[in-house]
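Enquirer: Sharing a model that was predicted from the sequence below.
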Amino acid sequence: MQTFKKEERLCKKKTIKILFEEGKKFHVYPFKIIWMDIESDSKYPVRILISVSKRFFKKAVDRNKIRRQIREVYRKNKSLFYEYLSRQKKHCVFAILYTDGAFITFKELEKKIIIILQRLIDEHEKTFK
RNA sequence: GCAACAGCCCGUUCUAUCGCCACGAUACGUUUUACGAAUCGGGGAGGAAAGUCGGGACAACACAGAGCACCAUACUUCCUAACGGGAAGGCUCCGAUAUAUUUCGGAGACAGCAAGUGCCACAGAAAAUAACAGCCUAAGCUCCUUUUUACAGGAGAUGGCAAUGGUGAAAACGCGAGGUAAGAGCUCACGCCACAUUAAGGUGACUUAAUGCGGGGGUAAACCUUAUGGGUUGAAAGGCUAAAUAUACCGGGGUUUGAGGGUUGCUCGCCCGAUCCCGAAGGGUAAGCCGUUAGAUCCUGCCGGUGACGACAGGACCAGAUAAAUGAUAGAAUUCCGGCUGAUACCGGAAACAGAAUCCCGCUUACAGGACUGUUGCUUUU
RNA sequence: CGGGAUGUGGCGCAGUUGGUUAGCGUGCUGGUCUGGGGGACCAGAGGCCGUGAGUUCGAGUCUCACCAUCCCGA
């Protein structure tokens, strides 16, 4: 299912605060990923936060565009990560931050996101073995 | 037909696949409400949503009053819920055309320096009381000379004057005549300006004409004066539900002889009035609903008005998110740019400015391209 | 959403009530002292005062609009 509902987004202020204080981080240019494991009884295994800083893109239109493209790519490719987590019976939250001042094309974006999801699985395996 | 200027309006479209947000309907599950997932239906950024520069609506608190501050505005009339906005008009200045002055276009924070105070660098005698240089010394005073013995001449003191001073952004209304010892709006004619009165036109600003009185440097985006207006706060307003608890303890100060609070900033006055303020330290919560989208609303027609705009009739319901929806990809069309060409075709690239957050009316700023209207110029055809 | 501050040589800052030629420290360039470096001394360059209008005889300064940066308020 290539959906992206409210339950799949990270909305709780408290959770966000904890994530930024205690989450594990890695970089895949031009992104920065912060993730952590949580206890939850939601039917969706992952909650995600997408952020594009005002520091890199001054105009709201540009920020919206990048955020929407990231969301779109994630929506289409997330099944990989979902299947893995469902097998492990784990829940996870992560934030994906765009940390560069230039645009990249949609196809490049797609490649990067797939790399990120693969890396997340790897990191997750390392942590819980 | 082309070009320039001004005004006004629009501001990409279609298809496929996969999504997001709220609403309505249907049947289903848990079953009191409500919630959950499913299907269907129609809806989902802008002319500036931006800057947050004005003004409102709305909400809470306050609302015997007086004075002083403070802030805003500033030609007139009208429009508007209101405005620092808009319309029409007046005046001043600038540009063009013809050169009496008219016509066209543009700009103007456009009340008052003749209410007071301040400031005006350098230069210059002097930047506003008129001083200095200078000119004159008539009348009256002192001395001297000559002698026709007083009418003269000279010097001094005393007094008068604002013409001359060529510097400056700016020089004591301009210019001419009279007048005088020398001079001066001191007087007069013409002209400029200010004020007052009257008459005519205009709702009015104002215009034209006459009479009277008068002479004034500039600067209020200098202080200020005058007139008018202004209660404070701001959706983080405010209301409700849920959850959670502790005015702990310590230090300082005040107090029924009136502390403290409210009343706009202050003073007076008025009202309430018995645990009140400050510091330090600590405990709990920080989740959701209403406000929140039907309104100074939008569309069409017609009428009134020079116009901004208003009245009437009919129709429509048109975003409501909240770590924040309104999208992504692919293809096609349309427009523009570049390459190539005699021209099409073809290839490549681009599609402006920009994203609602309580709502509305303005202003300002950004903007690819296009449509319409008007004026002016050139050209072609009839 | 509301309120406020700042913008001046490369960098950090002064600049009064509009006035003649916009200063200071540091850095830069050249020279002198030294055998050389450091250091000291001397000289010099470098500014349309964030941008654009307006008021004024004359704006870094006054007024308006815009741009950028920063801060405060739950």
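Expert: That came in fine, so what should we check first? Residues are numbered from 1 along each chain as shown, chains lettered A, B, ... in the order given.
Enquirer: Which residues of chain A lie near RNA strand B?
Expert: A:1-7, A:9-11, A:13-14, A:16-17, A:49-50, A:59-61, A:64-65, A:67-69, A:72, A:75-76, A:106-107 (C-beta under 7 Å from any atom of the strand). Any C-beta I mention is one placed from the backbone N, CA and C, and that applies to glycine too.
Enquirer: Take the residues you listed and keep only those in helices.
Expert: Secondary structure of the residues of chain A next to RNA strand B is defined by DSSP state H; positions in helices are A:13-14, A:16-17, A:60-61, A:64-65, A:67-69, A:72, A:75-76, A:106-107.
Enquirer: which among these end up buried?
Expert: Buried members of these, counted by 16 or more other C-beta atoms under 10 Å: A:16, A:67, A:69, A:72.
Enquirer: For the third one, give me its contacts.
Expert: It stands for residue A:69. Residue A:69 makes contact with A:106, A:109, according to C-beta atoms under 8 Å, 6 or more residues apart in numbering.
Enquirer: Widest-spaced pair of the ones in helices among the residues of chain A next to RNA strand B?
Expert: A:14 and A:107 (37.1 Å; C-beta to C-beta).
Enquirer: So the residue nearest to residue A:28 when sequence neighbours are not counted versus residue A:67, what's the distance?
Expert: Sequence neighbours aside, residue A:116 is the residue nearest to residue A:28 in space, at 5.2 Å (criterion: C-beta to C-beta, 6 or more residues apart in numbering). Separation of residue A:116 from residue A:67 (C-beta to C-beta, to the nearest Å) stands at 16 Å.
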